[in-house]
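>>> Attaching a predicted model along with its sequence, questions to come.
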Amino acid sequence: MREFLLLMRGERSPHASPEQMQQRMKDYMGWMKKMTDEGRLRTGQPLEPRGRWLKDKKTVVTDGPFLEPNEVIGGYVIIEAEDLDDAAEIARDCPLLEHCEIFVRPLVDVPS
Amino acid sequence: MSDPGNEVADVVDHLFRREYGRIVAVLTSRLGLDNLDAAEDLVQETLAAAVHHWAVNGVPDAPAAWLMQVAKNKAVNLLKSGARRKALHRRFPELVDSMPPAEVFLRTDIEDSVLRLIFTCCHPELSQESQLALTLTTLLGFGPEEVARALLVSEDAVKKRIYRAKRDMRERRIPFEVPGGRALDERLEMVLTTLYVTYTEGYSTTVDESWIRKDLCLEAMRLARLLADRFRDRPAISALLALMCFHTARFDSRLDAEGGVVLLADQDRSQWDRELIQLGFEYLTDSARGEHLTHYHLEASIAAQHCSAASFAETDWRAIQRFYEKLDEIAPNPLVRLNLAIVVSEVSGAEAGLAELENLKNDKRLARYPLMHATLGELCRRTGRRREAREHIQEALKWAQSARERALLETKLRELSGG
């Protein structure tokens, strides 16, 4: 088993109603419960929709607060999977995929 | 934090929507009404953060407090960061002081803020349409799409209304406060009207049913209760609440299993919510204090009569007629006259009902109102004028808005055409 970063990027409906957000969470929790039950879930956090982008020493782009909806990174989770294909399959089941894109990146295997 | 594995369905229904208005209210009380949009954005972000955080870490023990705290942290960070300082209110340093990170919001503080938001959204400087739009979105946390569905208008129209409402709010320098002294009575009346309109929009059966309509009713009731707790010496609030209780008690019995309209005469009265009816009577009794008789008192009294009748046949139509007559005195409008005519036909027969309708027949305001024509049709049928009855029902069909209403009228028409 290896660790994979799932990055939830973009927001297809930035004006979702509170009720829709709650439904979204309910769906997401269902998937997350599966991750927990299968022992895959390592960690995860939401991210603020604003930040800085340092292109080089001189160029700092202030991202946000008015980020383009498709630039928002809502959050990330780290899960365990067999390989990249397996991780991508798991991510495909994530209900958040209806509302954003998911990047799947393997964490480098390093000696512990 | 609890174990996420066991918490999948454990978030209270509508929690996000309910907390929306409360948090917007608290943030706005700190940031100022000029920053209402910023407050709403922060709440939106907070809900998005909850989606991610709760899914991974489980639902916090006090979810509402968690949301409030995260929203407040976001506001404080925003004020400190300076990134958005320019977009925020000019009184920036005071704002930071007024929102110390360790501050705990007390229940009374939250309620005060919500009350201020209610009075602001229902300010007389705003049109009735704007008041309704703000109440439904900013205060009650419905999204524009949901409001559009409930009010049968386009989503774009709703967004425009919200935009105009907020623009007027800024331009007219509407204060974020609960008015005091003599202004309170007049303003409270405005608030009650908006809650009443919100409720009746939700309750009307002229449009096809969806869950959102009942929610509208329940949310309007929730705000009315908050007002009743705060302004105990205002019987009109109790009268409005009584009315809401009686109507809500009958909510589900108005539709059959297939979603067809069930008329009052045919409703299964054992389905009515007895507890709510009991509560309605408590509010009605409470509303009898004071000298001012409002249309809420009369409408609640009428609904009370229906709710306490064991069957349609046993309804005390004479009492109801008296209430309608009084209502026609203090708040005359063609709909009240129409209802009065229906009641008269129960008390004194169809001919008497038709006589009452004579004056209303040419009222332009009812010309496109299906119930007017359906009533004429029904009363003509009862007096044996089948051909006229058919014509009236056909006219009603022309204006009927929902499939259910049409189905009901078509059944009538078939009965009139057959044996």
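Now that the structure is in, tell me what you want to look at.

>>> how much space is there between B:Cys380 and chain A?
According to CB to the nearest CB, to the nearest Å, B:Cys380 stands 45 Å off from chain A. C-beta here means a position set from N, CA and C on the backbone, and glycine is covered the same way.

>>> Pick out the residue in chain A sitting closest to chain B.
A:Ser17 (2.5 Å; CB to the nearest CB).

>>> so what's that residue up against?
B:Arg17, B:Gly141, B:Phe142, B:Gly143, B:Pro144, B:Glu145, B:Glu146 (CB atoms under 8 Å, 6 or more residues apart in numbering or on different chains).

>>> Which of the residues you listed fall in helices?
Within the contacts of A:Ser17, residues falling in helices by DSSP state H are B:Arg17, B:Pro144, B:Glu145, B:Glu146.

>>> hang on, the last one packs against A:Glu19?
Spelled out, it's B:Glu146. Yes. Assessed by CB atoms under 8 Å, B:Glu146 is found in contact with A:Glu19 at 6.8 Å.

>>> Can you give me the neighbour number for B:Leu36?
23 (other CB atoms under 10 Å in any protein chain shown).

>>> oh sorry, the question was meant for A:Arg12
11.

>>> Confirm for me that it is in contact with A:Cys100.
Yes. Using CB under 8 Å, A:Arg12 is in contact with A:Cys100, at 6.6 Å.

>>> so which helix or strand takes in residue 23?
Picked chain A for this. Following DSSP states H and E, one finds A:Gln23 within helix A:18-37.

>>> that answer is for a different chain, and I need it for chain B
Here B:Ile23 is assigned to helix B:15-31, by DSSP H and E.

>>> now A:Leu7
Going by DSSP H and E, A:Leu7 is part of strand A:2-9.

>>> Against which helices or strands is that strand packed?
strand A:73-81, helix A:84-92, strand A:101-106 (3 or more CB pairs under 8 Å, 6 or more residues apart in numbering or on different chains; DSSP states H and E).

>>> Give me the contact list for it.
Contacts for strand A:2-9 (CB under 8 Å, 6+ apart): A:42, A:70-84, A:87, A:91, A:94, A:96, A:100-107, A:109, B:52.

>>> Show me the strands paired with that strand, marking each as parallel or antiparallel.
If you go by DSSP bridges, strand A:2-9 pairs up with strand A:73-81 (antiparallel), strand A:101-106 (antiparallel).

>>> which parts of the last one are buried?
If I follow you right, that is strand A:101-106. Within strand A:101-106, the residues scored as buried using 16 or more other CB atoms under 10 Å in any protein chain shown are A:Ile102, A:Val104.

>>> what angle separates that strand from helix A:84-92?
150 degrees (axes from the mean of the first three to the mean of the last three CA atoms, to 10 degrees).

>>> average pLDDT across strand A:101-106?
On average, the pLDDT along strand A:101-106 is 96.

>>> who's in contact with B:Leu276?
B:Cys245, B:Phe246, B:Thr248, B:Ala249.

>>> near chain A too, which of those residues?
Here nothing survives when those are matched to chain A using CB under 8 Å from any CB of the partner chain.

>>> can you name the two of the residues you listed that are farthest apart?
B:Phe246 and B:Thr248 (7.5 Å; CB to CB).

>>> quick one: which of the two has more around it?
Higher neighbour count among B:Phe246 and B:Thr248: B:Phe246, with 28 against 22, using other CB under 10 Å.

>>> Next up, phi/psi of the more buried one, please.
phi -60, psi -40 (degrees, to the nearest 10).

>>> Then B:Asn333?
Torsion angles at B:Asn333 (phi, psi; degrees, to the nearest 10) stand at phi -160, psi 160.

>>> hey, which helix or strand in the chain has the poorest pLDDT?
Going with chain A. strand A:60-63 (a mean of 70; mean pLDDT, DSSP states H and E).

>>> that's the other chain; I wanted chain B
Result, chain B / mean pLDDT, DSSP H and E: helix B:92-98, a mean of 58.

>>> I'd like the average pLDDT over whichever helix or strand comes after that one.
For helix B:92-98, the following helix or strand on the C-terminal side (DSSP H and E) is helix B:107-121. Helix B:107-121 shows a mean pLDDT of 91.

>>> can you pull the buried residues of the helix or strand just after helix B:107-121?
Sequence-wise, the next helix or strand beyond helix B:107-121 is helix B:128-134, with elements assigned using DSSP H and E. By neighbour count on 16+ other CB under 10 Å, the buried set for helix B:128-134 is B:Ser130, B:Gln131, B:Leu132, B:Ala133, B:Leu134.

>>> One more: stretch B:56-74?
Buried, per 16+ other CB under 10 Å, within stretch B:56-74: B:56-60, B:63-64, B:66-72, B:74.

>>> Name the nearest of those residues relative to chain A.
Checking these one by one against chain A (CB to the nearest CB), the nearest turns out to be B:Val56, at 3.7 Å.

>>> Am I right that the closest one is in a strand?
No. Counting by DSSP: H, G, I helix; E, B strand; the rest coil, B:Val56 is not part of a strand but helix.

>>> Wait, it touches A:Val77, no?
Yes. Judged on CB under 8 Å, B:Val56 makes contact with A:Val77 at a distance of 6.2 Å.

>>> low pLDDT regions in the chain?
Just going to use chain A. A:62-70 (pLDDT under 70).

>>> meant chain B actually
B:1-10, B:82-105, B:205-212, B:419.

>>> Single out the residue in it that lies closest to chain A.
Closest to chain A within chain B is B:Gly143: 2.5 Å, counting by CB to the nearest CB.

>>> Spit out the contact partners of that residue.
Taking CB under 8 Å, 6+ apart as the test, what B:Gly143 contacts is A:His15, A:Ala16, A:Ser17, A:Pro18, A:Glu19, A:Gln20, B:Thr137.

>>> Now render these as JSON lines, adding distance to B:Asp41.
Converted to JSON lines, these look like this (distance: CB to CB, whole Å):
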{"residue": "A:His15", "distance to B:Asp41": "10"}
{"residue": "A:Ala16", "distance to B:Asp41": "13"}
{"residue": "A:Ser17", "distance to B:Asp41": "14"}
{"residue": "A:Pro18", "distance to B:Asp41": "13"}
{"residue": "A:Glu19", "distance to B:Asp41": "18"}
{"residue": "A:Gln20", "distance to B:Asp41": "16"}
{"residue": "B:Thr137", "distance to B:Asp41": "13"}
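
>>> which one of those residues sits closest to A:Asp56?
A:His15 (35.3 Å).

>>> shouldn't the closest one be in contact with B:Pro144?
Yes. Under the criterion of CB under 8 Å, A:His15 makes contact with B:Pro144 at 7.0 Å.

>>> between these two, which one's more packed in?
The neighbour comparison of A:His15 against B:Pro144 (other CB under 10 Å) goes to B:Pro144, with 21 against 13.

>>> For that one, list the residues it contacts.
A:His15, A:Ser17, B:Thr137, B:Glu155, B:Val158, B:Lys159, B:Ile162.
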